[in-house]
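[1] Sequence and predicted structure below; questions after.
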Amino acid sequence: MNAFVPDHAIIWAEIPVTDMERAKAFYAAVLQNTLVDDDPGPNPISMFVVKEKGRAGHLYPGKPAAPGTGSTVHLAVPAPLEDAMERLEANGGSVVTPVIEIPAGRFAYCLDPDGNSIGLFSPSGA
């Protein structure tokens, strides 16, 4: 049996939000990155910008899972991680855990203003 082994296990992330303008402002402030609006159909979206291969996911108008119950999307933030955690809280999100250290870097579980589970991640050496 041949196994399919992709370049990346996760291809795309979609984060449902109830208020696109609020969500775009929240994520731009927390991630210190601009999102790019697009309307390819069937919904308008706002995409996260990354260096290689353009984009890795987006926000879209939708119905989030109950707070803390959906999948967790981990998002890169500039170091120090603690500054991103402060920006998150200042913009209506909540920090769920203290900083967790792993070999690849440091992260914290958080909730966005819609209750979506997100991780703020800063790689080792950043």
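    Yep, it's here.
[2] would you say residue 14 is within a strand?
    Yes: per DSSP: H, G, I helix; E, B strand; the rest coil, residue 14 lies within a strand segment.
[3] Go ahead and confirm it touches residue 64.
    No: using CB atoms under 8 Å as the test, residue 14 is too far from residue 64 to be in contact (10.9 Å). C-beta coordinates here come from the backbone N, C-alpha and C atoms, glycine included.
[4] Of these two, which one has the most company?
    residue 64 (19 against 13; other CB atoms under 10 Å).
[5] Provide the secondary structure category for that one.
    coil.
[6] In terms of pLDDT, where does it sit?
    Predicted confidence (pLDDT) for residue 64: 94.
[7] Mind listing residues that contact the worst-scoring helix or strand of the chain on mean pLDDT?
    Here the helix or strand of the chain ranked lowest by mean pLDDT, DSSP states H and E is strand 55-61, holding a mean of 86. Residues from elsewhere that reach strand 55-61 (CB atoms under 8 Å, 6 or more residues apart in numbering): 12-18, 20, 23-24, 27, 35-36, 38, 43-50, 73.
[8] Swap in 10 Å and give it another go.
    Residues outside strand 55-61 that contact it (CB atoms under 10 Å, 6 or more residues apart in numbering): 8, 10-20, 23-24, 26-27, 35-38, 40, 42-50, 73, 75-76, 112, 114, 116.
[9] Tell me which residues of the longest helix that the chain contains come out buried.
    Secondary structure of the chain per DSSP state H: the longest helix is helix 20-31. By neighbour count on 16 or more other CB atoms under 10 Å, the buried set for helix 20-31 is 20, 23, 24, 26, 27, 29, 30, 31.
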